[in-house]
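1. predicted structure and sequence below. I'll ask about it afterward.
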Amino acid sequence: MIKNKMNFSGTFYPDDKKELLKYFEVFTANEEKIKLDINPRAIIVPHAGYIYSGSVANVAYNLSKDTKPKRVIVIGPSHRYFLQGASIAQFDSYETPLGDLVIDKEFGSKLIEKYDFLHFVEDAHMEHSTETQIPFIKNYFDVKVLEIVYGKIDAKELSLLVLELLKDKDNFLVISTDLSHFYTLDEANILDGICIDAIKNQDIEKLTKDCEACGKEGVKALLQTAKVFDYKVKFLDYKTSYEITKDKSKVVGYASFLVGESIVI
């Protein structure tokens, strides 16, 4: 059994089970009650250290926990490894402080056979944009997982994969992205506001031209696909690193969203 080891535990998130569960407990306890008017099929969440962005991501996971998928697919950008196309993890399992998650290798292999831009590059999966999602997935879903890390790829190409994944009601998608990086707090609020409006309104042109986000191609691919299914986007939360560091000179922005079918209330 080959595991994808924890590369960022103890830095981006706690490596101790009790401490990690306490994080989730505190995040949830401090959340404002949000009216769920969307049946979630996907979420857009940040991927910084939990102390900075964990509460923003937790809102989306907590609201989606009752969807009961059979498989969660997390899609995030590569930060450390140059990658042409995208890589699907073909390990047997993914290690977390809460216990291992089984990787759906068979499902991943079928996708690799079908799409020319997909392959398995082991080094690409030493990636925090996806690994930071795995403990959330273990805690809130505890089902089979598929990790997809993308590099140089066009969002239209990636959207073909996202379309196929969302056609299967057993799948739930996690799109990982942070927003602007290292602007002043005032500048970040303006830039991130543009991104948030573009995502809420599913304005792909505005997202492409005026939004700064490290996982923008994944977000664009999801929004392109959302239009096919007439899915709606619900904005959940926005914070910056300033709330922890109290440094206004260089901040990073984080936001979370639900994507899915409207619920008639």
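-> That came through, no problem.
2. do a quick rundown of the helices in the stretch 1-150 of the chain.
-> For the stretch 1-150 of the chain, helices defined by DSSP state H, counting those that start in this stretch occupy the ranges 17-29, 55-64, 105-114, 128-131, 134-140.
3. so what's the residue lying closest to Lys206 once chain neighbours are set aside up against?
-> Among residues not flanking Lys206 along the chain, Ala198 sits closest, at 4.1 Å (Cβ to Cβ, 6 or more residues apart in numbering). In short, each C-beta sits where N, CA and C put it, glycine included. By Cβ atoms under 8 Å, 6 or more residues apart in numbering, the contact set of Ala198 is 204, 206-207, 210-211.
4. one more time with 10 Å
-> By Cβ atoms under 10 Å, 6 or more residues apart in numbering, the contact set of Ala198 is 204-211, 213, 216, 219-220, 223.
5. among the residues you listed, which has the minimum pLDDT value?
-> Lowest in pLDDT among the contacts of Ala198 is Asp210, which has 86.
6. tell me the spacing between that residue and Asp197.
-> According to Cβ to Cβ, to the nearest Å, Asp210 and Asp197 sit 9 Å apart.
7. what is in contact with those two at once?
-> Both Asp210 and Asp197 are contacted by Asp203, under the criterion Cβ under 10 Å, 6+ apart.
8. returning to that earlier point: between the helices of the stretch 1-150 of the chain, which one is closest to Asp247.
-> helix 55-64 (18.3 Å; Cβ to Cβ).
9. just the angle between that closest one and helix 17-29, please?
-> With axes from the mean of the first three to the mean of the last three Cα atoms, to 10 degrees applied, the angle from helix 55-64 to helix 17-29 works out at 80 degrees.
10. output helix 55-64 as PDB, nothing but the C-alphas.
-> Extracted C-alpha coordinates of helix 55-64, given in PDB (Å, rounded to 0.1, in the frame of the first residue of the first chain):
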ATOM      1  CA  SER A  55     -12.300  29.200   9.100                       C
ATOM      2  CA  VAL A  56     -13.200  30.500   5.600                       C
ATOM      3  CA  ALA A  57     -12.900  27.000   4.100                       C
ATOM      4  CA  ASN A  58     -14.700  25.400   7.000                       C
ATOM      5  CA  VAL A  59     -17.900  27.300   6.200                       C
ATOM      6  CA  ALA A  60     -18.200  25.600   2.800                       C
ATOM      7  CA  TYR A  61     -17.300  22.200   4.100                       C
ATOM      8  CA  ASN A  62     -19.700  22.400   7.000                       C
ATOM      9  CA  LEU A  63     -22.600  23.500   4.800                       C
ATOM     10  CA  SER A  64     -21.900  20.700   2.300                       C
END
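11. no further questions, thank you.
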